[in-house]
Structures are given as structure tokens and as C-alpha cells.
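[1] Coordinates for the following, if possible.
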Amino acid sequence: MVNLGLSKVDDALVEKHPGLQSYAACQSRAFMTGTGSFIIGTASLFFAQRALQKRLPYPLQWNLLVSVVASSVFSYSVTRWETMKCTDLWLFLETRDLPKTSPGKEEPPNLTTSAVPKVTKYGDKMESR
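    Residues are numbered from 1 along each chain as shown. Alright, predicted model coming up:
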């Protein structure tokens, strides 16, 4: 048995998937990064709003609500981004081939037109725009 976090994983499964421990460590790091970004984001937004509250007074409950909601959205996006990188790592470890798409490296759509005009099934040539 191999320890994977708090649970034990069978040796046969670890032998079948040699990158399992690396993937689990990556996922753990992604979730901790998301948790840390939530805590730091909430605290920084709270104190920034407290400083701004001298010029624009509003109740403390709104200050807390805005800080928590904005930090939740931010930490979700951070965790999602990191998890996508872990998914790419898992695919690489399993297939030894880099995935076709990775976060932030989207290919632009092909906007070129072909020189050969398209022909319908009736033999009419279509204009390209």
C-alpha cells in the first residue's frame, strides 16, 4: 500500500499509473494555492475597503460581503487554472505526449480563405467573402 494524502492506494494501481503521486501532489498544491488566494484576497480587500470607508461610509456587513464574494471568484479562477495545469501534467505522465491545448495557449481561428472557390452539389460556384 502506498500513502496518497490521507488514504492508502493499492500497489497495483500505483504501478499501473506511475504519475499518480505527482498528480496528487499537484492537485493538493492547486487547492492550497486557491485557499491561500482566498484568505489573502479577503484580507487585502477588507483592509482596502476599510481605508476607503473614510471617504465613502457604508456598513461593515457590505464590506465583508464584497471582500468574501470577490475573493471567492478570484480563488475559484486561480484553483481552476492550477487544476488545468495538473490535468495537463497527468495527461503527459500517462501518455508521454504533451496535450494539444493548454491553458492560455489557445490557437487563433484560421481566417484565411481558400483560393479554390467552393462548388455546390449542383455545380454552382460560391463566392467567398
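[2] Quick check, pLDDT for the residue nearest the centre of the chain.
    Taking Cα atoms, centre = their mean, the centroid of the chain lies closest to Trp81, which sits 2.0 Å from it. pLDDT recorded at Trp81 is 95.
[3] what's the answer for Phe46, then?
    pLDDT, Phe46: 91.
[4] before we move on, what about the one 3 residues further on?
    Among the per-residue scores, Gln49 holds a pLDDT of 89.
[5] Could you do the one 10 residues further on as well?
    With respect to pLDDT, Pro59 has a value of 80.
[6] Please report how far it lies from Gln53.
    10 Å (Cβ to Cβ, to the nearest Å). The C-beta positions use only the backbone N, C-alpha and C, and glycine is treated the same way.
[7] Look at these two and report which has more neighbours.
    Gln53 (14 against 9; other Cβ atoms under 10 Å).
[8] The closest residue to that one other than its chain neighbours: which element?
    With sequence-adjacent residues excluded and distances taken as Cβ to Cβ, 6 or more residues apart in numbering, Gln53 is closest to Asn63, at 6.7 Å. If you go by DSSP states H and E, Asn63 is part of helix 60-95.
[9] Thr35 too?
    helix 20-52.
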